[in-house]
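here are the coordinates; sequence isn't available:
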Ligand SMILES: Nc1nc2c(ncn2[C@@H]2O[C@H](COP(=O)(O)OP(=O)(O)O)[C@@H](O)[C@H]2O)c(=O)[nH]1
């Protein structure tokens, strides 16, 4: 028996899921309706079925989502019969925990951190399982699979524990938290191949579709009520697909005619721009942007 | 759309995952080699390359410094050295590589041990001008101690020794002696020049005397499928699945990752440490029953009898069980700034079981210059030592040389919860 790379990565991820469940008291799995978290749900099924998941799901809802992603989220949660907690950025704004940015470059992406940390405190969650991957961004290459956050949810690159073999140390003190990344070692291509192999359903925005978009900084954004456009940013219709389902204000699309998973996988295998370089506006401002946000508790 | 209609998936799905750890002293050219590997296998994205070009220019490197492709966190960028383990991946037609990049700085043994713990292959950089130095010996020693089955020595900077075959053969012979002395199972040396890409991905025209293939070809050819222990059946129970739903009323499945041997329905089972016996009723996954499960696979084992089995128990072959140990002889790598002395109490995690241990004695510590074991009173950061541990509750172990999964453990400081040591079982007693 020779295991394929997808088999090996899958087994590793299942092992990690079971370790979090066994070692932490109140884990939660972050589910956004995006492809990485859709893969996490399948891995959780593989880890725990026919039992129920030993943790609820949580969506940090910016309120500026693609409607297709929300619809998908609710359908998938219903199919699984698991519990979903919604942590709302709008609530954080209404409660005065964060201040809404204004202007054409406003984004709720940065505000999510507070909402996430507040929700974890409110529900007493001590571990959040997320779909981040090491290939997404350079500072992630050194991220641990069990990533420790102090009482303020902060990440200190120097205070991380060495990870040896598959022996994860999930011991924490009260108030501390862990972020756990079961698909840390996967690449974007691995994720797509897995989606294809498992025949996972995805929100429609991942496939080419006609949409009203406008161009900014060389990228295409969905025209929506959530984004203020500069006068010269005339919307037009184009065939696009999105590579992530983040906040509409900072998730760019690519021109594409790839209408099936197979076609998307081919397109990605041939592509020459990284996922973040292409579609995440927030990272383009500063090379160390991600690192700065991680220090203050961003996922 | 059906899975079988996709030629792409079939080709992609059969790639084998190879885990590598790379090590070398500062300035041996490790970052350049990795950058070269990514660049010449066309894994560098346009925006990454653009970034590297800009940074090279800003630093005044005078050329596109491919080493910058693999550099990491800001603190390290400022210091200009790598201080932690970075993980990245790349693919070729036949393999999916997972690379742990352990830095070469003298005091960072712990990083290499971390990267080495999961590696199938160690890549050790050697500077052709310097040949085998203390660092080479240390890296080879750690690779052998961590049970990495294959070592590839990349003898770099061949351009600086005029691509001279005699110089390479001299180094190759010294590496052969070293490997033999340290009990390396499979090793090979390859002459390269990372800066210019000679023998990295593309064959060098300046070393016509070399017919051993390129560095990448070598990595693609290493046979790893049989490296894991396939003869001793071991299954540490990680999680018990008990739905207690109407549909699965009596279902009780033991979830975990196969640590040794091949598992099939009908196999006899001994549960340790309890000593209970049963047979395997089924080996299954979410996708259905398996005919056989092999090491590294995450599966669920169901037993024919209703037994009291829980997380931390080990299912074994009754004809060939693991040892239920109260005392361990072990090699440990101490990973914390705070030193430790005999008498210290620590938490220990082995497979899926936690226990507590007392550091009963320090037999010896490795002198990395001579590779001799010398006496020591205490263990400091980066020490590799032979120790005796007494356990509060038994662990079910094998010698690390026989099984990397059931022979490995970590030690954790009970006050701070920090992981302070990596350990490998040498011997065990009840
Ligand atoms: N002449 C020559 N220089 C090299 C070669 N490989 C790396 N270097 C240089 O050696 C120095 C250290 O390389 P780097 O990759 O940063 O080393 P690291 O510290 O091991 O990561 C840099 O100046 C490289 O340009 C090579 O094959 N030939």
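Looks like it came in fine. Small disclaimer: the values here were computed from a predicted structure and weren't measured.

Now residue A:8. Its backbone dihedrals?
Backbone dihedrals for residue A:8, given as degrees, to the nearest 10, come out at phi -70, psi -40.

Roughly how far does it sit from residue B:54?
36 Å (Cβ to Cβ, to the nearest Å). Just so you know, the C-beta spots here come from the backbone N, C-alpha and C atoms, and that holds for glycine as well.

More neighbours: which of the two?
Per other Cβ atoms under 10 Å in any protein chain shown, whichever of residue A:8 and residue B:54 has more neighbours is residue A:8, with 20 against 12.

Show me what from the stretch 51-200 of chain A comes close to chain B.
A:51-52, A:134-135, A:138-139, A:141-142, A:157-158, A:160-167, A:169, A:171-173, A:184-185, A:187, A:189-190, A:193, A:196-197, A:199 (Cβ under 8 Å from any Cβ of the partner chain).

What is the lengthiest helix in chain B packed up against?
Using DSSP state H, we find that the single longest helix of chain B is helix B:165-182. If you count contacts as 3 or more Cβ pairs under 8 Å, 6 or more residues apart in numbering or on different chains; DSSP states H and E, helix B:165-182 packs onto helix B:134-145, strand B:150-156, strand B:186-191.

all helices of the stretch 1-150 of chain B, in order?
Using DSSP state H, counting those that start in this stretch, the helices of the stretch 1-150 of chain B run over residues B:7-13, B:30-40, B:46-59, B:74-79, B:109-117, B:134-145.

Please work out which helix or strand belonging to chain A has the smallest mean pLDDT.
helix A:289-295 (a mean of 42; mean pLDDT, DSSP states H and E).

Chain B too?
Per-SSE averages on chain B (mean pLDDT, DSSP H and E): minimum helix B:7-13, a mean of 42.

sorry, back to before: any buried residues in the longest helix of chain B, and which?
B:165, B:167, B:168, B:171, B:172, B:174, B:175, B:178, B:179, B:182 (16 or more other Cβ atoms under 10 Å in any protein chain shown).

and it, anywhere near the ligand?
No: contact of helix B:165-182 with the ligand (Cβ under 6 Å from any ligand atom) is absent, the minimum separation being 13.2 Å.

and that helix, how far from the chain's centre?
Computed by Cα atoms, centre = their mean, to the nearest Å, the chain-centroid distance of helix B:165-182 equals 24 Å.

got it, and stretch A:26-45?
Mean-position distance between stretch A:26-45 and its chain equals 9 Å (Cα atoms, centre = their mean).

Just give me the neighbour total for the residue in the stretch 51-200 of chain A that the ligand sits nearest to.
Closest approach between the stretch 51-200 of chain A and the ligand, counting by Cβ to the nearest ligand atom: residue A:141, at 14.3 Å. For residue A:141, the tally of surrounding residues (other Cβ under 10 Å) stands at 22.

Kindly report the same for residue A:168.
The burial count for residue A:168: 23, using other Cβ under 10 Å.

pLDDT value on the nearest residue to the residue of the stretch 51-200 of chain A closest to the ligand once chain neighbours are set aside, please?
Nearest residue to residue A:141, sequence neighbours excluded (Cβ to Cβ, 6 or more residues apart in numbering or on different chains): residue B:86, at 4.2 Å. pLDDT recorded at residue B:86 is 80.

So, low pLDDT: which residues of chain A?
A:1, A:138-139, A:157-158, A:271-299 (pLDDT under 70).

hmm, try it at 80
A:1-2, A:103-110, A:136-143, A:150-160, A:218, A:225-226, A:244-251, A:265, A:268-299 (pLDDT under 80).

Show me the strands in it, by range?
A:27-30, A:57-61, A:84-88, A:127-129, A:146-149, A:177-180, A:209-216, A:219-222, A:236-242, A:252-255 (DSSP state E).

Adjacent strands (with direction) for the shortest one?
Each strand that pairs with strand A:127-129, with its direction, by DSSP bridges: strand A:27-30 (parallel), strand A:177-180 (parallel).

Many thanks, have a good one.
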